[in-house]
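*Asks:* I would like the atomic coordinates for the input below:
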Amino acid sequence: MAHVVIIGGGFAGVWSAAGAALARADADLRITLIAPNEHMVLRPRLYEPEPDLAKVALGRILEPIGVEHLRASVTTIDTDRRVVVAAGEEIGYDRLVLAAGSKLVQPQGLPGAERLFDIDTLDGARRLTGHLRDRKDYSAVVVGAGFVGLEAATELAARGRVLLVDRSEAVGDQLGP
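*Replies:* Prediction:
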């Protein structure tokens, strides 16, 4: 039986699993998604006032389409042997999808860093939400005028003053005119 292994439980990983399940049809194909968390976090929505609503149980998505979820982190990828190591176990694959995503690098040693907030993770969004709870007429600086930055700035502007900072000459330039 052929085996597709997908590393990552975000949008790219889940869509890859769904695409493989759809393409599988009646073929004898095993699909395993490896991700350390039990939820897919909808990162583009973490700016909203209730960030805990921006997550979906992976089992709710994967089980109905016959995709196995191994709750672990991959520590090794051996492309010569076509093996990944997760939770101390070697898992062979015929096809590998690497959709592990990205992670924000927090600035270290920056004066005032304790007053920086991110919406890159659910924990970061919870921290921001807790900080803003019951505050009115605050001032905030949003760094990044892409899609998520614009969404965050718009949400924050409904409750306070916002300065949007980006190095581009146009706000949301990658979104088009």
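
*Asks:* from here on, contacts and neighbour counts on C-alpha atoms
*Replies:* Noted.

*Asks:* need the contact list for the residue lying closest to Arg43 once chain neighbours are set aside.
*Replies:* Closest residue to Arg43 apart from its sequence neighbours, by Cα to Cα, 6 or more residues apart in numbering: Asp120 at 6.4 Å. With contact set as Cα atoms under 8 Å, 6 or more residues apart in numbering, Asp120 has these partners: 43, 46, 103-104.

*Asks:* all helices for this structure, in order.
*Replies:* 11-24, 58-62, 122-132, 147-157 (DSSP state H).

*Asks:* where exactly do the strands run in the chain?
*Replies:* Applying DSSP state E to the chain gives strands spanning 2-7, 29-35, 39-41, 55-57, 68-71, 74-78, 83-86, 89-92, 95-98, 138-143, 160-165.

*Asks:* Of all those, which one comes closest to Ala125?
*Replies:* Ranking the strands of the chain by proximity to Ala125 (Cα to Cα) places strand 39-41 first, at 11.1 Å.

*Asks:* Work out the gap between the closest one and the centre of the chain.
*Replies:* 7 Å (Cα atoms, centre = their mean, to the nearest Å).

*Asks:* again, but for stretch 8-24
*Replies:* Centre-to-centre, stretch 8-24 and its host chain are 14 Å apart (Cα atoms, centre = their mean).

*Asks:* do stretch 107-120 as well
*Replies:* That offset, for stretch 107-120, works out to 20 Å (Cα atoms, centre = their mean).

*Asks:* Next: stretch 4-13.
*Replies:* What separates the centre of stretch 4-13 from the centre of its chain is 11 Å, taken as Cα atoms, centre = their mean.

*Asks:* go on, stretch 75-94?
*Replies:* Using Cα atoms, centre = their mean, the offset of stretch 75-94 from its chain centre is 23 Å.

*Asks:* what does the domain assignment say about the chain?
*Replies:* 2-98, 113-165 (the TED database).

*Asks:* By neighbours, which of the contacts of Asp120 wins?
*Replies:* Leu46 (28 neighbours; other Cα atoms under 10 Å).

*Asks:* That one and Leu33: what is the separation?
*Replies:* 23 Å (Cα to Cα, to the nearest Å).

*Asks:* Then Ala23?
*Replies:* 16 Å.

*Asks:* okay, those two: which has more neighbours?
*Replies:* Between Ala23 and Leu33, counted using other Cα under 10 Å, the more crowded position is Leu33 (25 against 11).
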